[in-house]
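Enquirer: Give the three-dimensional model of this entry:
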Amino acid sequence: MKDIYEFRKDMEKGEMLGENWKGGDGKFETLEEGGKVEEIEKILEEEIRPALMEHEGDAAVVSYENYILRIRLLGRCSGCPSARITTEEMIAGKIKQKLPEVKDVILVHEVNKELLDFARQILNHERIEGESEAGKK
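Expert: Alright, predicted model coming up:
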């Protein structure tokens, strides 16, 4: 199992993202209001990411507009049954405590294209790459 620092390096290189989320270029769309994204990133880095990384997860800012922060959970935190609670209690709580002007923190759910394509293949009973004819009886 990777330690937190190895996991973070993989996240920074984009190795944990699969086929990326916005435009397939591996970059997350960020909209900035008055430099708040930098303040939000600092709070994420210092107070939230260490806890998420203990579970091989992370969080990324998707956008900040009209005092609404949209985030996406990454790694093992993405799709976790506790994601909503993590967002509401841990992330939103800390962000709003430090930046009271933030009205809401919304968790953005998306499934990457690669995973959706794989699921479609399974549902359509298509042959998966690497699967032998002998194993497909």
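Enquirer: hey, where'd the strands end up in the chain?
Expert: Using DSSP state E, the strands of the chain run over 57-65, 68-75, 104-107.
Enquirer: Tell me how far the residue nearest to residue 56 when sequence neighbours are not counted lies from residue 64.
Expert: Distances taken as CB to CB, 6 or more residues apart in numbering place residue 76 nearest to residue 56, at 4.3 Å, with adjacent residues excluded. In short, each C-beta sits where N, CA and C put it, glycine included. For residue 76, the distance to residue 64 equals 25 Å [CB to CB, to the nearest Å].
Enquirer: do residue 46 as well
Expert: For residue 46 relative to residue 64 (CB to CB), the value is 18 Å.
Enquirer: can you list the weak-confidence ranges in this structure?
Expert: Within the chain, the set of residues satisfying pLDDT under 70 comprises 1-34, 110-112, 127-137.
Enquirer: same thing but 90
Expert: Under the criterion pLDDT under 90, the flagged ranges of the chain are 1-37, 55-56, 74-89, 108-137.
Enquirer: If you tally nearby residues, what's the number for residue 54?
Expert: 10 (other CB atoms under 10 Å).
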